[in-house]
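Participant: After the sequence you'll find the predicted model.
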2 protein chains.
Amino acid sequence: MDIIDIKTYMQSIGREARAASRLVAKAETGAKNRALTQMAMAIKRDEQRLLDANAGDVENAKARGLEPAMIDRLSLTPKSIASMAEGLLQIAALADPVGEISDLNYRPSGIQVGKMRVPLGVVGIIYEARPNVTADAAGLCLKAGNAAILRGGSEAIRSNQAIAACVKEGLKAAGLPETAIQVIETTDRAAVGELVTMKEFVDVIVPRGGKGLIERISNEARVPVIKHLDGVCHVYIDQGADLEKAIRIADNAKTQRYGTCNTMETLLVHEEIAGEVLPPLCKIYHDKGVELRGDAAARAIVPTMSEAKEEDWYTEYLAPILSVRVVSGVDHAIEHIAVYGSQHTDSIITEDYSHARRFLREVDSSSVMVNASTRFSDGFEYGLGAEIGISTDKIHARGPVGLEGLTSQKFIVLGDGHIRQ
Amino acid sequence: MDIIDIKTYMQSIGREARAASRLVAKAETGAKNRALTQMAMAIKRDEQRLLDANAGDVENAKARGLEPAMIDRLSLTPKSIASMAEGLLQIAALADPVGEISDLNYRPSGIQVGKMRVPLGVVGIIYEARPNVTADAAGLCLKAGNAAILRGGSEAIRSNQAIAACVKEGLKAAGLPETAIQVIETTDRAAVGELVTMKEFVDVIVPRGGKGLIERISNEARVPVIKHLDGVCHVYIDQGADLEKAIRIADNAKTQRYGTCNTMETLLVHEEIAGEVLPPLCKIYHDKGVELRGDAAARAIVPTMSEAKEEDWYTEYLAPILSVRVVSGVDHAIEHIAVYGSQHTDSIITEDYSHARRFLREVDSSSVMVNASTRFSDGFEYGLGAEIGISTDKIHARGPVGLEGLTSQKFIVLGDGHIRQ
């Protein structure tokens, strides 16, 4: 397609999505759940077809010399296919957020005023290699009453189309419009440019992927973006920490998984407890192969650390590397997080009530914790059922974004002939 | 100032606001309320000074030949000054939204997960002639724990600076940073361009004023905008309407005030009830001097109506003009509103349970009503206490935006040494 064709193609996708969104918004909960269940069944039944389509993508990616980590994210297995289907069934089991009425109260004028939860309309999802996002995003958007336009990475196009066929089968079986979930069929980059600027057809964009993708889309978009940039997460071990809890949490926050956004990247330790906590904790890190980069005070206690540079405090390593800083107290810790953090997830380890209370209020991050591992920052762990991403924005949705983040609330007013005086 | 100076000036304003926002975010409720009370006292005390400053603005505006409606909005009176002070005292009396913890529940892992309401950070307000917005916006932003950067119309610059002096006096008296509320002192248009693109210093922009201003700012902004465009509001009189209520509400929705965004602009009437309801209702409109523009069916019933053109259905008259359309039922009404409405406020008049239920769910507007006048769509009437505007967006805030719309929620996690398995 040339660029004019792409504009026409995307406009047509957008118009179809807008029309479908009105039908999905008023669809009954039962119909949405039937569609989700049928999608899951189709995915399980078509396991071999999905594996074959995926093999084509993987072969192509290898021929193009993609890096192994990318090929790993691209690859489907019988296990990952089963968990895609399971994910859809879990979404079907969640309560329907659409139409929920809250805070309905009588006002002095006699009217009742409340709020009703409503879909956002049309959600555009832009993602990279992982084909499972096709099923996850389709399921979440549908349950929240939205139409979705999905644009996966070009390297996963065969896999995504095979999954999309199952999604459409589910929609059809439930009597819902197949255009409620559309997968963009061109791999042309210009399609993304159209998608993120079609304000008349798209209500919100959710980019999922690396920082580069998200920054590019945020800069280009004229449609609001629910975005998730870095996760430079901190654990602060306060003077008043319980040592055993501190070591357990600091270990888990760094080493349970290295490549996730809620992994700790910088450890802050109070100067009065550093001499006690750093030696045993650093031994654990050392045994697990974690490279440590510390400030002068930390290196005075654990001389095997290398020297942390200014840029280390800003860095999301996503790797077995940890920067370590000794701080003078809770104020210094809060200040460090304000300057270097990414407003993702930060945790204080303390038994001191006043420090915990201050840290909770004053740290301006999407998740703030006391005596818990940053690794808990996750939609499933929080009980949202599933998440479409973790927002580090403040507008609209913050933290893990589940069904609620894919909806809005309108005011409803019930009267009995009431007029304004 | 030349353009480079303005960039430097605005960056400095932004930096100060960001620094102040951290102090205001953690300010105690009592301090914020003291500041608001002191601002109100200073405004009352300085009545004459405000009137003098305002007289200078008004004189200047007249010399520049501004239209009378604009001069009316610009003019302060002892009464409007008193109500500015009263507004600040009312905001002081509202509950503090900041730090409110909700939905704090135990999860199977043992952690407690909840949400804490937090300020947005720095709010930029861009408005036109009305000087009272300076006090209202300052008060709302401060109570919600935000720093604010205010940019009023150039024609109100003396009035705004006089009010700003009272605002700063209040902040100082309560020990809060005077930079928490800053009024931009240059009238250069380039300052707005800087304000709406300083993503590092500004979290959200609220434009208040005409459609032209809001569209211009939305197009230029790189910071999220809480915007309020047209109010093309509808009343639909259903077949199942109580005639007496229908006439009372349709009269009030149009004629209680003509120039407000929640005034009805289009009346939709079911074809089976049109012959009964239109003659007496149109007599009321006629007696009040409302010009009627109808479709063929409406004109067959009330021949004195002029002919409505396609563009009438899209028009926010803000004047004693009403377009009237006869529709075939609730589906037709919902469809008309979806095509021509502005997602602001729409009301159905009916005693029919199923039609009311469908209208409430399916009309996609910021306020949807049953048997009530669209004129109720207002922050005070809804019990929000005050509003900074009415959002017709779906992202973040929708409908009247009060203190809650100027805040966000972060997740908080309370553990006791919990780690992720």
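Facilitator: Cool, got the structure. All figures in this text were calculated on a predicted structure; none of them were measured in a lab.
Participant: Buried residues of the top strand by length along chain A, list them for me.
Facilitator: Among the segments of chain A that qualify as a strand by DSSP state E, the longest is strand A:407-418. Judged by neighbour count (16 or more other Cβ atoms under 10 Å in any protein chain shown), strand A:407-418 contains these buried residues: A:407-415, A:417-418. C-beta here means a position set from N, CA and C on the backbone, and glycine is covered the same way.
Participant: you'd agree residue A:380 is up against residue A:386?
Facilitator: Yes - taking Cβ atoms under 8 Å as the contact criterion, residue A:380 and residue A:386 are neighbours in contact, 7.0 Å apart.
Participant: So those two - more neighbours on which side?
Facilitator: With neighbours defined as other Cβ atoms under 10 Å in any protein chain shown, residue A:380 and residue A:386 compare such that residue A:386 has more, 20 against 15.
Participant: so that one makes contact with residue A:92?
Facilitator: No - between residue A:386 and residue A:92 there is no contact, the gap being 10.9 Å when judged by Cβ under 8 Å.
Participant: Now list whatever residues contact both of those two.
Facilitator: Where contact means Cβ atoms under 8 Å, 6 or more residues apart in numbering or on different chains, the residues bridging residue A:386 and residue A:92 through contact with each are residue A:139.
Participant: For the stretch 51-200 of chain A, list the residues in contact with chain B, please.
Facilitator: In this structure, the stretch 51-200 of chain A approaches chain B at residues A:99, A:105, A:107, A:109, A:111, A:113, A:116, A:118, A:120-121, judged by Cβ under 8 Å from any Cβ of the partner chain.
Participant: max-length helix in chain A?
Facilitator: The single longest helix within chain A, with elements called by DSSP state H, is helix A:3-25.
Participant: Whether that one contacts chain B - can you check?
Facilitator: Yes - under the criterion of Cβ under 8 Å from any Cβ, chain B is reached by helix A:3-25 at A:22, A:25.
Participant: Show me what that helix is in contact with.
Facilitator: Counting by Cβ under 8 Å, 6+ apart, helix A:3-25 makes contact with A:1, A:32, A:98, A:118-119, A:121-122, A:142, A:145-149, A:176-177, A:179-180, A:182, A:184, A:186, A:188, A:190-191, A:194-195, A:198, A:200-202, B:338, B:362, B:364, all of which sit outside it.
Participant: and the gap between residue A:37 and chain B?
Facilitator: Distance from residue A:37 to chain B, counting by Cβ to the nearest Cβ, to the nearest Å: 24 Å.
Participant: follow-up on the earlier one: can you say which two of the buried residues of strand A:407-418 are spatially most distant?
Facilitator: A:407 and A:417 (31.1 Å; Cβ to Cβ).
Participant: that older thread, how far off centre is the longest strand of chain A?
Facilitator: The gap between where strand A:407-418 is centred and where its chain is centred comes out at 32 Å by Cα atoms, centre = their mean, to the nearest Å.
Participant: What is it packed up against?
Facilitator: For strand A:407-418, the packing partners by 3 or more Cβ pairs under 8 Å, 6 or more residues apart in numbering or on different chains; DSSP states H and E come out as strand A:101-106, strand A:112-119, helix B:243-255, strand B:367-372, strand B:399-401.
Participant: Redo the buried residues of strand A:407-418 as TSV? Include distance to residue A:281.
Facilitator: As requested, those are exported to TSV (distance: Cβ to Cβ, whole Å):
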residue	distance to residue A:281
A:407	42
A:408	45
A:409	45
A:410	50
A:411	52
A:412	54
A:413	57
A:414	59
A:415	63
A:417	69
A:418	65
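Participant: For these, give me TSV that also has distance to residue B:244 and pLDDT.
Facilitator: As requested, the buried residues of strand A:407-418 are arranged in TSV below (distance: Cβ to Cβ, whole Å; pLDDT from 0 to 100):
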residue	distance to residue B:244	pLDDT
A:407	37	96
A:408	35	95
A:409	32	95
A:410	28	96
A:411	26	97
A:412	23	97
A:413	19	97
A:414	18	97
A:415	14	96
A:417	7	96
A:418	13	97
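Participant: This completes my enquiry, with thanks.
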